[in-house]
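Peer 1: Sequence first, predicted coordinates after that:
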Amino acid sequence: MADQQEFHPGVSLAGAVDLEALKHQVKAEPGQAGGAPAAGGYVIDTTENTFQAMVQTSATFPILLLLWVPTDDRLFPMARALGDAVNKLNGQIQLSRIDIASSPSIAQAFQVQGAPALFALIGGRPMPILEGLPSDEELKQITDQVLPKLIQAAQQAGVTGTAPYSGDPAADGAAGSGAGAAPAEQIPPEHAEAHQLAQAGDYAGAAVAYEKVLESDPNDKIAARERAKALLLARSADADVREVRAAAAAHPDDVDAQLAVADVDMIGGQIADAFDRLLDYLAAGHTDELEPVRKRLLEYFLIPDPADERLKRARRRLATLMY
């Protein structure tokens, strides 16, 4: 694994996609039969619009970056092996896949000339692992030896959070084996505008659009959840995690500092930490700040699964503190 280096974003990329990939191009979407493995579990797909937010979360948990072309079938076994290995680690590390054909500026930022390329990202700092297709032996070394070392290096750097779980990767079905894949979650027509805005990185606009949906149907739980996510990302997706945490530590009585660091925790998947931080703040006697903290917690409560035990505990504790 190469030495750690500073990250310097680039501007453009020319000729990054191997022309040989045209011979191996498939039309199936990821998760469909004959297509690439779908994202899910602790595997996410990152675009130019969500790249900076992803970099910020690497201050909370380590990230393995796969720069690839999801229509090139030569890369499918590698993507599947990495995804399987990461998902077995239960959130100790996240796999972020970046399509360099549709996000060429990211490829330029990492100074790669083609796919695949693999990097680790810890605290916003990239470490190159390989460029080019690995042999079976090299791939096994990455999954069996390199990943545990990356987690250990992150822990030594104080990056000890857990990546958020983003859905069942089994929805990929038997992609590539000829079996039918499970259908992707359908976006309700009334959510289409808000969903598109969120996908484009306009989280503030998405929150407004979801608010309009809720005006028509106040019982739309999906819209309420997605609006809460959009508000969270609109506030803090581009926050400097280290600065936010330092400010919260330096100003433990400042409600805005505590709300900001709770946002960082939520984005990083540290849900219990976010809940406990704000509840502890109230328990410490900051009753004059009850309303903004209560409002933020109620927003957070919309995001996890309703059966989540962390949510149930936080609800009970908030009720106790309020009354």
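Peer 2: Arrived safely, thanks for sending.

Peer 1: and L64, what are its phi and psi?
Peer 2: Main-chain dihedrals, L64, degrees, to the nearest 10: phi -100, psi 120.

Peer 1: Any idea how many residues pack against the closest residue to it other than its chain neighbours?
Peer 2: Spatial nearest neighbour of L64, chain neighbours left out: L95 (4.9 Å); criterion: Cβ to Cβ, 6 or more residues apart in numbering. Every residue, glycine included, has its C-beta placed from N, CA and C. Close neighbours of L95, defined as other Cβ atoms under 10 Å, add up to 25.

Peer 1: Against P37, how distant is L95?
Peer 2: 10 Å (Cβ to Cβ, to the nearest Å).

Peer 1: for I142, same thing?
Peer 2: 16 Å.

Peer 1: re the thing from before, the residue nearest to L64 against V86, yeah?
Peer 2: Yes - in this structure, L95 is within contact of V86 by Cβ atoms under 8 Å, at 4.2 Å.

Peer 1: Now list whatever residues contact both of these two.
Peer 2: With contacts defined as Cβ atoms under 8 Å, 6 or more residues apart in numbering, the residues adjacent to both L95 and V86 are 42-43, 64.

Peer 1: Quick one: mean pLDDT over the helix or strand hosting I151.
Peer 2: Assigned by DSSP states H and E, I151 belongs to helix 147-156. In this model, helix 147-156 has a mean pLDDT of 93.

Peer 1: tell me which residues in that helix are buried?
Peer 2: If you call a residue buried by 16 or more other Cβ atoms under 10 Å, then helix 147-156 has these buried ones: 147, 150-151, 153-154.

Peer 1: neighbouring contacts of it?
Peer 2: The contact list for helix 147-156 (Cβ under 8 Å, 6+ apart) reads 1, 61-62, 64, 85-86, 89, 92-93, 120, 122-123, 127, 160.

Peer 1: Go through the residues you listed and flag which are in strands.
Peer 2: Using DSSP state E, the subset of the contacts of helix 147-156 located in strands is 64, 120, 122, 127.

Peer 1: Report the beta-bridge partners for the second one.
Peer 2: Put plainly, it is A120. As for beta bridges, A120 partners with L64, M127 under DSSP bridges.

Peer 1: Isn't it up against I142?
Peer 2: No - in this structure, A120 is not within contact of I142 by Cβ under 8 Å, at 10.2 Å.

Peer 1: Of the two, which one has the most company?
Peer 2: A120 (25 against 21).

Peer 1: Run through the residues that contact the more buried one.
Peer 2: 1, 62-65, 126-127, 129, 150, 153.

Peer 1: residue ranges with poor pLDDT in this structure?
Peer 2: 1-32, 34, 167-186 (pLDDT under 70).

Peer 1: residues making contact with the longest helix along it?
Peer 2: Criterion DSSP state H: the longest helix present in the chain is helix 221-236. Residues outside helix 221-236 that contact it (Cβ under 8 Å, 6+ apart): 53, 188, 191, 194-195, 198, 203-204, 206-207, 210-211, 213-214, 217, 244, 260, 263-264, 266-267, 299-300, 302-303.

Peer 1: Next step: those residues restricted to helices.
Peer 2: 53, 194-195, 198, 203-204, 206-207, 210-211, 213-214, 244, 260, 263-264, 266-267, 299-300.

Peer 1: Which PyMOL command selects the buried ones in these?
Peer 2: Selection of buried members from the ones in helices among the contacts of helix 221-236 for PyMOL, criterion 16+ other Cβ under 10 Å:
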select buried, resi 53+194+198+203+206+207+210+213+244+260+263+264+266+267+299+300
